[in-house]
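Q: Mind folding the following:
(one chain, ligands or ions: 1)
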Amino acid sequence: MNATNTLTDYERDGVFLIRSFLSADEVAAVRAELDRYIRDDLASKPLNARTLEKDEKTVRNLWRLEEHNDFFRALGERVDIKALIAPLVHGEPVLVGVETFNKPARIGSGVPYHQDNAYFCQTPPDMLTVWIAIDAVTEDNGPVFFVKGSHKQGMLPTKASGVRGNSIGLAETPDVPLEEQFCALLAPGDATIHQCETIHHSAPNTTDHSRLGLLLVYRGAHTQTDPKLKEAYAAAVAATPPA
Ligand SMILES: O=C(O)CCC(=O)C(=O)O
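A: Got it, this is the predicted structure:
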């Protein structure tokens, strides 16, 4: 990977793609540990460790894996990954979350248009997400669409979305047709990295193929919580709690 191109693309577009971010063996190890964690550990964790789909039994999201699981904390703390992230967050990267968006076959729910900083509430917005495909992400199984360059607009007005696990969305849908958005089609192990104010969303998964993504979230050590953003987020999450 060319670090200069990476930084240029990230600053310009607010998102970029990295092929083979994890090897096939690493993807297999992630999948095995997620399966084991859901089967053996999840029931003993607090309710805020996950969000379920509408059937009330299939996992939509795992949250706080860096707190609950040594394997995922170690992955998020990997020195090579943090070295890649440092220039992008303009400082010392701090791991703040390891999560999943499972998007299970047939019942995986959609994610409304949003900017992550409505959840993270950080200033300056030196915060990002590494979204790693564990399953293949196709046009049909609910890929994430990004509006390139949208991070340059700053934070846009929000509204409570009523979606469990994604309680705050954009007040208005951006005026950019889907065909002009960047659709992240990924093979297992590929990743995208998006800045926390880049607009993105995904559709429900109605296919027979699961679309599991593992997310590593980092901020620069210098960022601080913005009280106004926090107030809006607290109201949305109180209206639609994640669990
Ligand atoms: O995985 C998805 O469908 C949405 C992911 C997302 O919203 C995020 O990465 O912030």
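
Q: can you list the residues of the protein near the ligand?
A: Residues of the chain lying close to the ligand (C-beta under 6 Å from any ligand atom) are 101, 103, 111, 116, 129, 131, 144, 200, 202, 213, 215. Where you see a C-beta, it was placed from the backbone N, CA and C, and this is true even at glycine.

Q: repeat that with 5 Å
A: Neighbours of the ligand within the chain, by C-beta under 5 Å from any ligand atom: 101, 111, 116, 129, 131, 144, 202, 213.

Q: In contact with residue 129, which residues?
A: Applying C-beta atoms under 8 Å, 6 or more residues apart in numbering to residue 129 gives the contacts 116, 193-194, 196, 215-217.

Q: Verify the stated contact: residue 23 with residue 190.
A: No: using C-beta atoms under 8 Å as the test, residue 23 is too far from residue 190 to be in contact (11.4 Å).

Q: Mind checking which of those two has more residues around it?
A: For residue 23 versus residue 190, neighbours defined as other C-beta atoms under 10 Å are more numerous around residue 190 (20 against 11).

Q: State the distance from residue 169 to residue 53.
A: Between residue 169 and residue 53 the computed distance is 18 Å (C-beta to C-beta, to the nearest Å).

Q: now residue 233
A: From residue 233 to residue 53 the distance is 23 Å (C-beta to C-beta).

Q: Would you mind listing the buried residues in stretch 159-167?
A: By 16 or more other C-beta atoms under 10 Å, the buried positions in stretch 159-167 come out as 160-161, 163-167.

Q: now stretch 93-106
A: Neighbour counts using 16+ other C-beta under 10 Å place 93-105 of stretch 93-106 among the buried residues.

Q: Pipe those residues into TSV and attach secondary structure and pLDDT per row.
A: What follows is those, written out as TSV (DSSP: H, G, I helix; E, B strand; the rest coil; pLDDT from 0 to 100):
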residue	secondary structure	pLDDT
93	strand	98
94	strand	98
95	strand	98
96	strand	98
97	strand	98
98	strand	98
99	strand	98
100	strand	98
101	strand	98
102	coil	98
103	coil	98
104	coil	98
105	coil	98
